[in-house]
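K.L.:
Okay, predicted coordinates and the sequence, questions at the end:
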Amino acid sequence: MDARRPTSSLWTDSLGRVAVRSAQLLLVLALVACAVLALRQLKLVVIPVLIAAIIAAAVSPVVRFLRNRGLPAALATWAALLTGLGTLGLVLWLVGRGIRNEWDELRDSAEAGLDELQTYLAEGPIAIDEAQISAARDQARELLGSEAVQSGAVAGASAAIEVVAGLLLGVVVLFFLLKDGRKIYAFFVQPLGPAHQERAWRIGDRSVAVLGGYVRGTAIVALVDAVVIGVALVILGVPLALPLATIVFLGAFIPLIGATLAGVLAILVALVANGPVTALIVLAVVVAVNQLEGDLLAPVVIGKALALHPLAILLALTAGTIIAGIVGALLSVPIAAVAWAVVKEWRGTTDDDEPARPRRLGRRGASRGRPAEVRPPDVRPAEARPTTTD
């Protein structure tokens, strides 16, 4: 290398540009990692705020409808909030009542199923010794009474306290977002310049539309799944039909796997309580509902709002589960949908934008779709240009 070559030129060749871009990428990844760690430390605040924002985007049309009918902002917000909380409390009460009424029957069926399983293991083709089964039971009892399980119970109690505190904080944040959402957003947008303010308002409106459409569409799909599977469980006489239908409804908010896992739970309950034939029928119902959801309901109801490829949904779901567990699985897909909508709005594109299709060229050129030939301008002096006559 030439010794007289300036040092600054080392960063302008191909290897230098790659090094600069790599350093920038590492810096961005480091900032993202620091942001994720900070959010995890503040999860007691971040998670309720995110959940409140998602619910507010879905419920805001109701508040807007009531305000357009002449109700004050505070009264319309209280009406929508109390109606939602009352509906949720009623559903939880019905679920708890159903579990309490049918728990004894389900426990007896589970014990009978375990006895049959033990008999099959001892007398079936596997022929496990009775002493081995008793030893496994003793080990299970020791595990349940161990210090690790007890410390886990203490951790679960503290987590329950955090959940209650998060719910109270989420309700308060939800109230203010429903009542003064645009004012709060305007406060954060105010420091920006006029051009950036206009873009920020477009991004905010688009994000609220995507979140609201996703939550409302997912709720419709989840309701259809819960009703169909719940009716099938009632007809087949499976216990805990209402709690299982509620679990199916809640599980549908986790894309790709939530409804399937809830259906597996219903199949297991049917297998324990009613036998293999009923379990196979429930399996057929769950598979049919999943096919109906994937092929018809989800593309029609939430496809426009989500606008994400299934691979992107799977990656977002996996990343959210790794970062924040079940809560991350619930929040990852709507956050990813909003992020994609923000990127498209920032670039000034929409879902209806399509790349231009090339035209087929015919033999006669422009007469069959070929654009007219564009000639360069004539730069010769006027006296040297050929004259034309009509």
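P.N.:
That came through fine.

K.L.:
Show the low-confidence segments of the stretch 51-200 of the chain, by residue range.
P.N.:
106-107, 109-159 (pLDDT under 70).

K.L.:
now the helices: where do they sit in it?
P.N.:
Using DSSP state H, counting those that start in this stretch, the helices of the stretch 51-200 of the chain run over 73-123, 130-144, 147-189, 194-236.

K.L.:
what's the answer for the stretch 251-390 of the chain, then?
P.N.:
Using DSSP H, counting those that start in this stretch, helices in the stretch 251-390 of the chain cover 258-274, 276-292, 298-301, 303-306, 310-347.

K.L.:
Name the residues that touch stretch 187-199?
P.N.:
Contact partners of stretch 187-199, identified using Cβ atoms under 8 Å, 6 or more residues apart in numbering, comprise 200-201, 204, 345-346. Every C-beta, even on glycine, is put in place using the N, C-alpha and C of the backbone.

K.L.:
Filter the residues you listed down to just the buried residues.
P.N.:
Buried residues within the contacts of stretch 187-199, counting neighbours by 16 or more other Cβ atoms under 10 Å: 200, 204, 345.

K.L.:
Give me the pLDDT for the closest residue in space to Leu297 that isn't next to it in sequence.
P.N.:
Once flanking residues are discounted, Leu297 sits nearest to Val221: 4.8 Å by Cβ to Cβ, 6 or more residues apart in numbering. Listed pLDDT for Val221 reads 82.

K.L.:
Pro48 versus Val221, what's the distance?
P.N.:
Going from Val221 to Pro48 by Cβ to Cβ, to the nearest Å gives 25 Å.

K.L.:
Dump the buried ones among the contacts of stretch 187-199 into TSV; add distance to Lys179 as well.
P.N.:
Formatted as TSV, these follow (distance: Cβ to Cβ, whole Å):
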residue	distance to Lys179
Ala200	21
Gly204	17
Glu345	26
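
K.L.:
For Ile220, give its distance to Phe253.
P.N.:
Applying Cβ to Cβ, the value for Ile220 to Phe253 is 12 Å.

K.L.:
One more: Gly204?
P.N.:
Distance of Gly204 to Phe253, given as Cβ to Cβ: 24 Å.

K.L.:
same question, Ile203
P.N.:
Using Cβ to Cβ, we find Ile203 at a distance of 25 Å from Phe253.

K.L.:
With Leu168 instead?
P.N.:
Leu168 is 22 Å from Phe253, where distance means Cβ to Cβ.

K.L.:
out of the two, which sits in the more crowded spot?
P.N.:
Counted by other Cβ atoms under 10 Å, Leu168 and Phe253 do not tie: Phe253 has more neighbours, with 19 against 11.

K.L.:
May I have the residues that are in contact with the nearest residue to Val234 once chain neighbours are set aside?
P.N.:
Excluding the flanking residues, the one nearest Val234 by Cβ to Cβ, 6+ apart is Ala241, at 4.8 Å. Going by Cβ under 8 Å, 6+ apart, Ala241 touches 98, 230, 233-234.

K.L.:
Let's see if you can find the most crowded of the residues you listed.
P.N.:
If you count neighbours using other Cβ under 10 Å, the busiest of these is Leu233, which has 26 neighbours.

K.L.:
so what's that residue closest to, chain neighbours aside?
P.N.:
Nearest non-adjacent residue to Leu233, counting by Cβ to Cβ, 6+ apart: Ala241, 3.9 Å away.

K.L.:
Give me the pLDDT value at that neighbour.
P.N.:
What the model reports for Ala241 is a pLDDT of 83.

K.L.:
same question, Leu27
P.N.:
93.

K.L.:
and it, what helix or strand is that in?
P.N.:
helix 14-41 (DSSP states H and E).

K.L.:
tell me the angle that helix makes with helix 310-347.
P.N.:
Taking axes from the mean of the first three to the mean of the last three Cα atoms, to 10 degrees, one finds that helix 14-41 is oriented at 100 degrees with respect to helix 310-347.

K.L.:
picking that back up, out of the contacts of stretch 187-199, flag the one nearest to Glu162.
P.N.:
Nearest to Glu162 among those is Gly204, at 30.0 Å by Cβ to Cβ.

K.L.:
isn't that closest one right up against Tyr185?
P.N.:
Yes - counting by Cβ atoms under 8 Å, Gly204 touches Tyr185, with 5.3 Å between them.

K.L.:
List the contacts of the closest residue to Ala259 other than its chain neighbours.
P.N.:
The shortest distance from Ala259 to any non-neighbouring residue, by Cβ to Cβ, 6+ apart, is to Ala252 (4.7 Å). Each residue near Ala252 by Cβ under 8 Å, 6+ apart is listed here: 218, 221-222, 225-226, 258-259, 262, 293.

K.L.:
same check, this time on Gly328
P.N.:
319-322.

K.L.:
Dump these to TSV, plus neighbour count and distance to Ala35.
P.N.:
Listed next are those as TSV, based on neighbours: other Cβ atoms under 10 Å; distance: Cβ to Cβ, whole Å:
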residue	neighbour count	distance to Ala35
Ala319	15	14
Gly320	22	15
Thr321	17	19
Ile322	11	16
